[in-house]
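Colleague: Generate a structure from the sequence data that follows.
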Amino acid sequence: MSGKDSEDKVRLLRALAFHIHKKESATDALMRCFEDEGRGGRHRQWRQAIAVLETEGFVPALLTAGLIGDEAAQILGIVAAAADHRQLSAAIGSLADYWDK
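Modeller: Okay, the predicted model is just below:
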């Protein structure tokens, strides 16, 4: 993964964690993050993930966007189902920290 791709991933994950921490639903927060990233001319990069978000949900969209892998998807699925915005925000923030290294 190039440095620019990694920076995009970290920025989007951090924004997502912030919005979820502020009690925005995970789906709405992810859509907002994709839209915000699209304003910079990178909308095509997220187009398929937006379609998946609308049809299949939060975790599959993260997978499609390449923001998480299969292992993280399993864990985030459980955390998201627990409906605790603080835990979900912390988990996503930790993923951003991982990619930022």
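
Colleague: in the helix or strand bottoming out on mean pLDDT in the chain, what counts as buried?
Modeller: When the helices and strands of the chain are scored by mean pLDDT, DSSP states H and E, helix 43-55 comes last with a mean of 86. Going by neighbour count (16 or more other C-beta atoms under 10 Å), the buried part of helix 43-55 is 45-46, 49-50, 52-53. C-beta: built from backbone N, CA, C; applies to glycine.

Colleague: top helix in the protein by residue count?
Modeller: For the chain, the helix that runs over the most residues, judged by DSSP state H, is helix 3-21.

Colleague: Render the CA-only coordinates of the least confident helix or strand of the chain in PDB, please.
Modeller: Extracted in PDB, the C-alpha atoms of helix 43-55 (Å, rounded to 0.1, in the frame of the first residue of the first chain):
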ATOM      1  CA  HIS A  43     -15.300   9.900  -5.000                       C
ATOM      2  CA  ARG A  44     -14.600   7.000  -7.500                       C
ATOM      3  CA  GLN A  45     -12.400   5.300  -4.900                       C
ATOM      4  CA  TRP A  46     -15.400   4.900  -2.600                       C
ATOM      5  CA  ARG A  47     -18.200   4.400  -5.100                       C
ATOM      6  CA  GLN A  48     -18.400   0.600  -4.800                       C
ATOM      7  CA  ALA A  49     -18.100   0.800  -1.000                       C
ATOM      8  CA  ILE A  50     -21.000   3.300  -0.900                       C
ATOM      9  CA  ALA A  51     -23.200   0.900  -2.900                       C
ATOM     10  CA  VAL A  52     -22.300  -1.900  -0.500                       C
ATOM     11  CA  LEU A  53     -23.000   0.300   2.500                       C
ATOM     12  CA  GLU A  54     -26.500   1.000   1.100                       C
ATOM     13  CA  THR A  55     -27.300  -2.700   0.400                       C
END
